[in-house]
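# Structural data only, the sequence is not supplied:
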Ligand SMILES: O=C[C@H](O)COP(=O)(O)O
């Protein structure tokens, strides 16, 4: 059975002390209320990884970076390699987030290098895809997402692809308060699963977790997560408040 996952993406928020406090609170609440069979992940800034790994019970809560370098090492000032991420004790890395693609010019080519390095270093990539508003309005979101995947994760072997978590995030729903409806989410998640089945076979498609991201909150999590093909969420804003994050986890 595929995993249910709720992953927070703190983005460029919280200083180190605030981040540790947030992680501590999430850890306490998860210990108290239980997350049942949900895998909980905290996607923190690079600077927080080591401390957050020390703060949480890593048997229950996974820690994730939000990016990694496209090169293994060397003269790349300011970059953080996949190996460095792994050495902090983090187990996951978010790759291909629309904000990285849009503001930092991340292309499919760079993304492929990052995916390979993440996998080489035994990090689980949380691979993001999703369309902008004009594509949704034109009704061509399936083609758009398929192309994103064909250029990147569909280049992997089935064996490597199986190690990924996929996050579908419609760009028009990110941080806007405008969530995809439950039907829209189910429809495109089912489509993504169908193209995975075409490419890698049904067994792989049935095992892979596909998360929804975009203004997911405690008030809409349940409705989104009851869909057959929605296996959890990648949560931005609402992951910055421990109670809201727990409210989303409890949406299962
Ligand atoms: O990675 C998370 C997503 O970009 C969703 O962000 P949001 O929950 O603030 O809309």
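Happy to help now that I have it. A quick note: this is a predicted structure, and the numbers were derived from the prediction, not measured.
# Quick check: chain neighbours aside, which residue is closest to whichever residue of the chain sits closest to the ligand?
Closest residue of the chain to the ligand, C-beta to the nearest ligand atom: residue 236 (2.3 Å). Heads up, the C-betas are built off the backbone N, CA and C, glycines and all. In this structure, residue 236 finds its nearest non-sequential neighbour in residue 9, 5.2 Å apart by C-beta to C-beta, 6 or more residues apart in numbering.
# what sits against that neighbour?
43, 64, 66, 94, 97, 213, 234, 235, 236, 239 (C-beta atoms under 8 Å, 6 or more residues apart in numbering).
# cool, residue 177 as well?
Going by C-beta under 8 Å, 6+ apart, residue 177 touches residue 215.
# Give the helix, strand or coil label for the residue lying farthest from the centre of the chain.
Most distant from the centre of the chain: residue 75, at 28.5 Å, with distances by C-alpha atoms, centre = their mean. Here residue 75 takes the coil state, with states given by DSSP: H, G, I helix; E, B strand; the rest coil.
# Need phi/psi at it.
Torsion angles at residue 75 (phi, psi; degrees, to the nearest 10) stand at phi -80, psi 80.
# repeat for residue 229
Torsion angles, degrees, to the nearest 10, at residue 229: phi -100, psi 10.
# Give me the number of neighbouring residues for the closest residue in space to it that isn't next to it in sequence.
The shortest distance from residue 229 to any non-neighbouring residue, by C-beta to C-beta, 6+ apart, is to residue 189 (3.7 Å). Residue 189 has 22 neighbours, counted by other C-beta atoms under 10 Å.
# Wasn't residue 189 part of a helix?
Yes: secondary structure of residue 189 (three-state DSSP): part of a helix.
# if I read this right, it contacts residue 210, doesn't it?
Yes: with contact defined as C-beta atoms under 8 Å, residue 189 counts as touching residue 210 (5.0 Å).
# any common contacting residues for those two?
Taking C-beta under 8 Å, 6+ apart as the criterion, residue 189 and residue 210 both touch 168, 229, 230.
# State the pLDDT value of residue 86.
Listed pLDDT for residue 86 reads 98.
# Quick one: distance of the helix or strand containing it to the chain centre.
Applying DSSP states H and E as the criterion places residue 86 in helix 82-87. On the basis of C-alpha atoms, centre = their mean, to the nearest Å, helix 82-87 sits 18 Å off its chain's mean C-alpha point.
# Could you list the buried residues of it?
The neighbour-count check on helix 82-87 (16 or more other C-beta atoms under 10 Å) flags 82, 83, 84, 85, 86 as buried.
# Now do the contacts for the third one.
Same thing as residue 84. Neighbouring residues of residue 84 by C-beta under 8 Å, 6+ apart: residue 68.
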